[in-house]
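1. Build me a model from this:
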Amino acid sequence: MSVGVLLALISAISFASLGVFVKLLYAEGFTPLSALTWRFLLAGLILWIFYFAIRGKNFDKKKFKSVFLLGVLGFSTQAGLFFCTVRYLDVSLAALLLYLYPAFVVVFGRIFYGKKVTRNQIIAIATSFVGGVLALRPGTASGNTSVSAVGVAFGIGCALWYSNYLLVSERVLKNVDAFFATSSLSFGAALVFTTLTVARGEFFVPHSFREWELVGGVAIVATVLPILTLFASIRRIGAARASLVSSFEIVPTVAAGAIVLGERLHWVQWLGALFIVMSVVLIQMESKGESNVV
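-> Numbers count the residues shown, from 1 in each chain. Presented below is the predicted three-dimensional model:
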């Protein structure tokens, strides 16, 4: 296994811990807004420290403004929708719904940007749809007999928003350093959630070691670490291969939910997860200029 692939796997596993940390923060009394605020405040601070340590004083104010606005309007909304999804659904199901986004990217890319769609991508879209239907099978080990409609709405909304966010980002972030972009996006998200949390009277400073431990986990383990390792992986094996390896984030997410939170998927939902993973792999393996365009 190459170093680049290993780094991409570390990134996927780290990202997979996000939902678990969020659930544990909710159990400690955090609201979605307060959890999001501390995630991006701490992660943004650490990312900027790393950025200036590595890049020095190379700071482009013009690029910062455009990326900052993307963080305020796009990134923060996606993160907020995912945190709300986790509040109503098991972590594993929330992750499965989020990973419908690659199919949505293909569909919206075709509708709004005139991007070409290949036969493999059409197969992937159909596979993703089937996987989503199977994943929403009612009944879990926690005793629920139905899936929260509110949670499903948040989950699908998150995937829809994320797909459009990625398409817009493709244009806005063109020729922008990835590390700089992530730091700027995090700063924008931190500003949004801090303002909302203070306005709603939900801002508080963690006071116990347990709370700081979880805040540090969601910011460092589930945000900073996966971002840094993903960028390092991309430098070694390229964005396409790194994205393909990272697509298996669903597997450690389901495993983490089972081990830490006692969540369980029915075998039909596991089949749905397999279909969704297959669709992601099919889309990620598409290369530019592929034949059989429809």
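2. Put the alpha carbons of stretch 2-21 into CSV.
-> Below are the C-alpha coordinates for stretch 2-21, written out as CSV (Å, rounded to 0.1, in the frame of the first residue of the first chain):
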residue,chain,number,x,y,z
SER,A,2,1.4,3.4,-1.0
VAL,A,3,1.7,6.3,1.4
GLY,A,4,-0.8,8.3,-0.6
VAL,A,5,-3.4,5.5,-0.3
LEU,A,6,-2.8,5.1,3.4
LEU,A,7,-3.2,8.9,3.9
ALA,A,8,-6.5,8.8,2.0
LEU,A,9,-7.7,5.9,4.2
ILE,A,10,-6.8,7.8,7.4
SER,A,11,-8.7,10.8,6.0
ALA,A,12,-11.8,8.6,5.3
ILE,A,13,-11.7,7.0,8.8
SER,A,14,-11.2,10.4,10.5
PHE,A,15,-14.1,11.9,8.6
ALA,A,16,-16.2,8.9,9.5
SER,A,17,-15.9,9.8,13.2
LEU,A,18,-17.8,13.1,12.7
GLY,A,19,-21.3,11.7,13.2
VAL,A,20,-20.2,9.8,16.4
PHE,A,21,-18.6,12.9,18.0
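3. who touches it?
-> Applying C-beta atoms under 8 Å, 6 or more residues apart in numbering, the contact partners of stretch 2-21 are 82, 86, 91-92, 94-95, 214, 217-218, 221-223, 225-227, 229-230, 232-233, 235-237, 241-242, 245-253, 255-257, 260-261. The C-beta positions use only the backbone N, C-alpha and C, and glycine is treated the same way.
4. at 7 Å instead, please
-> Stretch 2-21 is contacted by residues 86, 91, 94-95, 214, 217-218, 221-222, 225-226, 229-230, 232-233, 236-237, 242, 245-246, 248-249, 252-253, 256-257, 260-261 when judged by C-beta atoms under 7 Å, 6 or more residues apart in numbering.
5. how much space between Arg87 and Gly80?
-> From Arg87 across to Gly80, the span is 11 Å (C-beta to C-beta, to the nearest Å).
6. After the helix or strand of the chain at the bottom of the mean pLDDT ranking, which helix or strand is next? Please name it.
-> Here the helix or strand of the chain ranked lowest by mean pLDDT, DSSP states H and E is helix 239-246, holding a mean of 68. Sequence-wise, the next helix or strand downstream of helix 239-246 (DSSP states H and E) is helix 250-261.
7. which secondary structure elements does that next one contact?
-> Contacts defined by 3 or more C-beta pairs under 7 Å, 6 or more residues apart in numbering; DSSP states H and E place helix 250-261 against helix 3-16, helix 18-27, helix 91-98, helix 267-284.
8. just how off-centre is it within its chain?
-> The chain centroid and the centroid of helix 250-261 are separated by 15 Å under C-alpha atoms, centre = their mean, to the nearest Å.
9. Only C-alpha atoms, please: export that helix in PDB.
-> Below are the C-alpha coordinates for helix 250-261, written out as PDB (Å, rounded to 0.1, in the frame of the first residue of the first chain):
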ATOM      1  CA  ILE A 250     -19.300   4.900   4.600                       C
ATOM      2  CA  VAL A 251     -17.800   1.600   5.900                       C
ATOM      3  CA  PRO A 252     -15.900   3.100   8.900                       C
ATOM      4  CA  THR A 253     -18.900   5.400   9.600                       C
ATOM      5  CA  VAL A 254     -21.200   2.400  10.000                       C
ATOM      6  CA  ALA A 255     -18.600   0.500  12.000                       C
ATOM      7  CA  ALA A 256     -18.100   3.500  14.300                       C
ATOM      8  CA  GLY A 257     -21.800   3.900  14.900                       C
ATOM      9  CA  ALA A 258     -22.100   0.200  15.800                       C
ATOM     10  CA  ILE A 259     -19.000   0.100  18.100                       C
ATOM     11  CA  VAL A 260     -19.500   3.400  19.900                       C
ATOM     12  CA  LEU A 261     -23.200   4.000  19.800                       C
END
